[in-house]
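1. pasting a predicted model and its sequence here:
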Amino acid sequence: MNRRFFLRSAAVIPAGLALRNIPAFGEGLPQRVAGKPDEMPMVSLGGQKISRLISGSNTINAGSHLSHLVNRSMKEYFTEENTIDYFARCSDQGINLFQGANARNFELWEGSKKPGETRHFISLIQDEKDKSPNSLDYAKTNKFLGVAHHGEVTDRMFKNKELNKIEDFLKRIRDTGLQVGISTHMPDVIDFVEDKGWDIDFYMACVYERHRSAEDLKKMLGYIPLPVGEVYIEEDPPRMYKMIRQTERTCLAFKILAAGRVCDKQQLIEKSFQDAFAGIKSKDAVIVGMFPKWTDHIALNAEMVRKYGRVS
C-alpha cells in the first residue's frame, strides 16, 4: 500500500499528522482530519472568546464568486446533512463563530451544537427595513453576537456619497445590545467611518476590492479584464491590511484566499494565511468560506491559523 493510497483510505487522520500530509485541493477523497480544538487561537469580541478562524457562509449558500458551475456544485454538496457535518467539523477544529447570511444558516448552526457547547453567530443585514427572517428582531431574539451592515450595500452607498444614511441603522443595532459592525471591500470606507467616529465595534474587511468598475480597472491596469465583476488584484491585500492596522476596532478580514483563486497550490494557501496574520492586529480574526467536498479544508485552514495566528 503506497502512501497516497493510505492517505486517501484513512477515515480519520491522527491529530499529530503533519500539515504536509493533508491533501491539497482536489486530491483524494473527503477525509475527516482530527482536530486540536483547544489549540485554536482565540480573541475577544463583545466580551466573548471567538476563534481567530471564523467560518464564512458563501460556500454553504452556493456563492463561490468563481462561476455558476462551482455554485451549482456547492449547492448540490451542502445538503442539510452535509451542512450539519460541516459544522461538526468546525467544532472539532475549535471554530466557534459562524458568519451567516440567513435564518437557515443560524438554525442549522445553532441547532446542531453539542450539549454544553458554546457557538456564536454574526449576520449581515442590509438596513433597518429588512423584514426577512434575518431581521434585527430575529438577531436580537436569537442572541446573535453581532450584526454588520452588508458590505455590497455599504460600498455602493459610499460610492454614491450616501453612506451617512446608515448611521441610524447602526444605532438600531446598538439598541439591540448586539455588537455593531460594518462590512466593506474598500479601505476608504473604513477611513471614512473612522473619521466620522461612528459608534461601532467591528469591521468585516474584504482584503480584495473586487467590484471596481470597468472604467476604474482600465485606469488602473490599462485594459479591461473579464469578467469585470470579479477581479482580484495582488496589490489589494496590503492596502486593506494597512487600514486594518490603523483602526483600534476589531477587524474580521475575509476573502484572504481570493475566493478560492489561490487554493490550487498549498504554498499559496499558506502564504495567504501567513500574510493575513502578519497584516492584521493581534485582536483580529479571519473569515474563510470552506468547501470540504474533496479535502478537509476546515482542518487544513485550522492548522494554518494554529501555525500563524497564535496570540502571544
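-> Thanks, I have it.
2. show me where the stretch 151-300 of the chain has its helices.
-> 151-159, 167-176, 187-196, 214-221, 236-246, 266-279, 297-308 (DSSP state H, counting those that start in this stretch).
3. okay, buried residues for the fifth one please.
-> Neighbour-count burial for helix 236-246, counted by 16 or more other CB atoms under 10 Å, picks out 236-237, 239-241, 243-244. For glycine as for every other residue, the C-beta is placed from the backbone atoms N, C-alpha and C.
4. closest to residue 92 out of the helices of the stretch 151-300 of the chain?
-> helix 297-308 (8.0 Å; CB to CB).
5. outside of that closest one itself, list whatever touches it.
-> Contact partners of helix 297-308, identified using CB atoms under 8 Å, 6 or more residues apart in numbering, comprise 19, 22, 25, 32-36, 39-41, 51-53, 55, 86, 89-90, 92-95, 263, 269-270, 273-274, 276-278, 286, 288, 290-292.
6. residue ranges with poor pLDDT in this protein?
-> Along the chain, segments meeting pLDDT under 70 span 1-31, 127-133.
7. next one: the residue nearest to residue 247 when sequence neighbours are not counted relative to residue 249, how far apart?
-> Nearest residue to residue 247, sequence neighbours excluded (CB to CB, 6 or more residues apart in numbering): residue 194, at 5.6 Å. Using CB to CB, to the nearest Å, residue 194 is found at 8 Å from residue 249.
8. compare these two (neighbour count), which wins?
-> Ranked by neighbour count (other CB atoms under 10 Å), residue 194 and residue 249 place residue 249 first, with 19 against 16.
9. tell me how far the more buried one lies from residue 61.
-> Counting by CB to CB - residue 249 and residue 61 are separated by 26 Å.
10. buried among the contacts of helix 297-308? Make that a PyMOL selection.
-> This is the PyMOL syntax for the buried subset of the contacts of helix 297-308, where burial follows 16+ other CB under 10 Å:
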select buried, resi 22+25+32+33+35+40+41+51+52+53+55+86+89+90+92+93+94+95+263+269+270+273+276+277+286+288+290+291+292
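11. what about the contacts of helix 297-308, which are in strands?
-> 32-33, 51, 53, 55, 286, 288 (DSSP state E).
12. of those, which pair is most distant in space?
-> 32 and 286 (22.4 Å).
13. and residue 121, that's in a strand?
-> Yes. With DSSP: H, G, I helix; E, B strand; the rest coil as the criterion, residue 121 is part of a strand.
14. what sits against it?
-> 97-100, 105-106, 109-110, 142, 144-145.
15. same question for residue 191.
-> Residues near residue 191 by CB under 8 Å, 6+ apart: 243, 246.
16. cutoff 6 Å now
-> If a contact means CB atoms under 6 Å, 6 or more residues apart in numbering, then residue 191 has no contacts.
17. cool, residue 179 as well?
-> Contacts of residue 179 by CB under 6 Å, 6+ apart are 46, 145-146, 201.
18. could you dump the residues you listed to TSV with distance to residue 79 and secondary structure?
-> Shown next, in TSV, are these (distance: CB to CB, whole Å; DSSP: H, G, I helix; E, B strand; the rest coil):
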residue	distance to residue 79	secondary structure
46	32	coil
145	27	coil
146	28	strand
201	35	coil
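19. can you tell me which of the residues you listed has the most neighbours?
-> residue 146 (27 neighbours).
20. now the closest residue to residue 91 other than its chain neighbours, what's its secondary structure?
-> In space, and not counting its chain neighbours, residue 91 is closest to residue 117: 6.5 Å by CB to CB, 6+ apart. Of the three states, residue 117 takes coil according to three-state DSSP.
21. pull the number of nearby residues for residue 117.
-> Count around residue 117 with other CB under 10 Å applied: 9.
22. numbering from 41 from now on, please.
-> OK, 41 is where the count begins now, so the last one is residue 157.
23. give me the phi and psi for it.
-> The phi/psi pair for residue 157 (degrees, to the nearest 10) reads phi -80, psi 140.
24. so the residue lying closest to residue 221 once chain neighbours are set aside: helix, strand or coil?
-> Of all residues not flanking residue 221 in the chain, residue 188 sits nearest, at 3.3 Å (CB to CB, 6+ apart). Following three-state DSSP, the label given to residue 188 is strand.
25. check contacts around residue 188.
-> Taking CB under 6 Å, 6+ apart, one finds 164, 221-223, 244 in contact with residue 188.
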